[in-house]
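> fold the stuff below for me.
(one chain, ligands or ions: 1)
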Amino acid sequence: MAKDSLSVTDNRTGKQYEMPIENGCVKAIDFRKIKTSDQDFGLMSYDPAFLNTANCKSAITFIDGDAGILEYRGYPIDQLAEKSTHLEVSYLVMNGELPNKAQLEEFTTKITHHTYVHENIKSFMDGFRYDAHPMSMLASTVAGLSSFYPEAKNVKNREVRRAQMMRLIAKMPTLAAFSYRHSQGLPYVYPNNDLGYTENFLTMVKSIGKPNWRPHPALVKALDLLFILHADHEQNCSTTATRVVGSSEVDPYSAVAAGITALYGPLHGGANEAVLRMLREIGDVKNVPEFITRVKGGDGTKLMGFGHRVYKNYDPRAKVIKKACEEVFEVTGKNPALEIAVELERIALQDEYFVKRKLYPNVDFYSGLIYEAMGFSADFFTNLFAIPRTVGWVSQWEEMITDDEQKIARPRQVFTGKRKRDYLPIDKR
Ligand code: ACO
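Purely as a prediction, here's the structure:
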């Protein structure tokens, strides 16, 4: 049996080093002992965008991108999508185990009773321009919550920590709904404690003029399912942002606000909007072959909603969403773009260009179609992502805060600038 270590020869000095391998990793800090002289700082690893660097140990989400596997706490995503609810999954992600009946009831009651936000939040929401982007409003108001709960700074106290985590999960739908209502020029609708998490959210977003209006149960179910699919995705950009900012031991509202701003970027949370634009541009099923030819032609056109940094197989979330599309469209009527999407997928999955590059539909390929069919405007899609991802952010944040191996995040750099030179007075420059 081979030894669990790596032997390295530094050809600059001829010296040999041995480094332990643990969990398929060598510790970057072990490279530091590789030096050309006593004055040498020691070898570092260079890894822009963390392409091959594990930043933490985590027990929350497992992804095998080659096999197309996604599990929360060991439970396959397709089983959770079929059998669970977003609040049950939230309990699982936060606590590591599925709740029993009493635990789920207690969790649901606590979340339900934290959905209200301080009235002053409404006032500062009113300060945004009439056309403010709902994601920008969400990030700012979540950061603002920090000032309403000054005790949240006590991040080492489990009880305090847990109270803020529950508040964040509970208040995110309210803040997202208020952002939407503001951007549409509509009055805010307060949470209703008699409704479930997702039904309450849809009611706060959609109801107008009829206090007893309720969303269609099939749409509640479909959105709850989308929430389950988006609850966590291990060390993605927004989760890493939350962990890095949280590592300074700032309160979780500030850390999660960083996660929201990371999610706002088009390379992260905004791809489903791009899929819709692409489908509109194609316009008709008969234009699909020509579009595929363009993508393959290398003029930079991409088949949006295809490909993923981690999944080199069918994104397991895309499979579940494709199925859900049918159920939603039975209520809302068919989104004509679905036919184009299905044809694009059919052709791409048998085309050598896509097969060779392992390009498969990702979570965003079908999600925009559902959101649009539900009547959401495209600039609200990322808020719909932020609501369920909140449980992932807070759980990953707590895992980081309680991990003895973690410290304030502080990467190294490879310095490429100028070195010491004397200051020149302005008339000599
Ligand atoms: N359409 C056409 N060609 C593609 C696509 C695509 N969607 N994605 C990748 N390729 C090609 C690349 O041009 C490259 O080809 P080459 O080897 O001939 O140069 C090859 O496939 C490998 O692609 P990379 O860009 O190296 O893959 P990377 O892992 O860096 O990118 C990404 C992944 C950004 C998701 C990419 O596939 C993409 O841009 N997809 C479209 C946007 C999208 O759907 N994003 C949502 C991701 S899911 C999420 O964030 C929630």
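> how near is T115 to A386?
16 Å (Cβ to Cβ, to the nearest Å). Backbone N, C-alpha and C define where each C-beta goes, glycine included.
> and the two? Which one has more around it.
A386 (27 against 23; other Cβ atoms under 10 Å).
> that one: which element?
Using DSSP states H and E, A386 falls within helix 381-401.
> quick one: is that helix near the ligand?
No - Helix 381-401 does not reach the ligand (Cβ under 6 Å from any ligand atom); its nearest approach is 7.9 Å.
> could I get the CA-only coordinates of that helix as PDB?
C-alpha atoms of helix 381-401 as PDB (Å, rounded to 0.1, in the frame of the first residue of the first chain):
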ATOM      1  CA  PHE A 381     -34.800  36.100 -10.500                       C
ATOM      2  CA  THR A 382     -31.700  36.600  -8.400                       C
ATOM      3  CA  ASN A 383     -33.800  37.500  -5.300                       C
ATOM      4  CA  LEU A 384     -35.600  34.200  -5.800                       C
ATOM      5  CA  PHE A 385     -32.200  32.600  -5.600                       C
ATOM      6  CA  ALA A 386     -31.100  34.500  -2.500                       C
ATOM      7  CA  ILE A 387     -34.100  33.500  -0.400                       C
ATOM      8  CA  PRO A 388     -33.300  29.800  -0.400                       C
ATOM      9  CA  ARG A 389     -29.600  30.200  -0.400                       C
ATOM     10  CA  THR A 390     -29.800  32.100   2.900                       C
ATOM     11  CA  VAL A 391     -29.800  28.800   4.800                       C
ATOM     12  CA  GLY A 392     -26.700  27.700   2.900                       C
ATOM     13  CA  TRP A 393     -24.900  31.000   3.700                       C
ATOM     14  CA  VAL A 394     -25.800  30.900   7.400                       C
ATOM     15  CA  SER A 395     -25.000  27.300   7.900                       C
ATOM     16  CA  GLN A 396     -21.600  27.600   6.100                       C
ATOM     17  CA  TRP A 397     -20.900  30.800   8.100                       C
ATOM     18  CA  GLU A 398     -21.600  28.900  11.400                       C
ATOM     19  CA  GLU A 399     -19.500  26.000  10.300                       C
ATOM     20  CA  MET A 400     -16.600  28.400   9.700                       C
ATOM     21  CA  ILE A 401     -17.100  30.300  13.000                       C
END
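> burial of D64, as a residue count?
Neighbour tally, D64, other Cβ under 10 Å: 14.
> on that earlier part again, for the helix holding A386, packing partners?
helix 86-95, helix 134-148, helix 158-184, helix 217-229, helix 237-246, helix 252-264, helix 364-373 (3 or more Cβ pairs under 8 Å, 6 or more residues apart in numbering; DSSP states H and E).
> rerun at 6 Å
helix 86-95, helix 134-148, helix 158-184, helix 237-246, helix 252-264 (3 or more Cβ pairs under 6 Å, 6 or more residues apart in numbering; DSSP states H and E).
> the fourth one near the ligand anywhere?
No - applying Cβ under 6 Å from any ligand atom, one finds helix 237-246 out of contact with the ligand, separated by at least 8.2 Å.
> okay, that helix in PDB with CA atoms only?
This file holds the C-alpha atoms of helix 237-246, laid out as PDB (Å, rounded to 0.1, in the frame of the first residue of the first chain):
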ATOM      1  CA  CYS A 237     -18.700  32.500  -5.100                       C
ATOM      2  CA  SER A 238     -21.400  33.900  -2.700                       C
ATOM      3  CA  THR A 239     -20.800  31.300   0.000                       C
ATOM      4  CA  THR A 240     -17.100  31.900  -0.100                       C
ATOM      5  CA  ALA A 241     -17.700  35.700   0.100                       C
ATOM      6  CA  THR A 242     -19.900  35.000   3.200                       C
ATOM      7  CA  ARG A 243     -17.200  32.900   4.800                       C
ATOM      8  CA  VAL A 244     -14.400  35.300   4.000                       C
ATOM      9  CA  VAL A 245     -16.300  38.400   5.300                       C
ATOM     10  CA  GLY A 246     -17.600  36.400   8.300                       C
END
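> that one vs helix 252-264, what angle?
If you take axes from the mean of the first three to the mean of the last three Cα atoms, to 10 degrees, helix 237-246 sits at 150 degrees to helix 252-264.
> contacts for the helix holding A386?
60, 90, 93-94, 134-135, 138, 155, 165, 168-169, 172-173, 176, 227, 230-232, 239, 242-243, 246, 252, 255-256, 259-260, 263, 269, 272-273, 371, 406 (Cβ atoms under 6 Å, 6 or more residues apart in numbering).
> which residues of the stretch 151-300 of the chain score low on pLDDT?
Scanning the stretch 151-300 of the chain for pLDDT under 70 picks out nothing.
> residues from this structure in reach of the ligand?
Counting by Cβ under 6 Å from any ligand atom, the chain sits next to the ligand at 268, 271, 295, 302-309, 357, 359, 362-364.
> mind listing what whichever residue of the stretch 201-350 of the chain sits closest to the ligand touches?
Nearest to the ligand, among the residues of the stretch 201-350 of the chain, is G307, at 2.3 Å (Cβ to the nearest ligand atom). By Cβ under 6 Å, 6+ apart, the contact set of G307 is L359.
> gap between S377 and N52?
39 Å.
> more neighbours, those two?
S377 (13 against 8).
> and that one, how far from the ligand?
As judged by Cβ to the nearest ligand atom, to the nearest Å, S377 and the ligand stand 19 Å apart.
> can you check M94 too?
22 Å.
> how many neighbours does D364 have?
D364: 25 surrounding residues under other Cβ under 10 Å.
> pretty sure it contacts G270?
No - at 8.7 Å, D364 does not count as touching G270 under the criterion of Cβ atoms under 6 Å.
> the domain parsing of the chain - what is it?
Domain segmentation of the chain under automatic domain parsing yields 73-269+379-401, 271-373.
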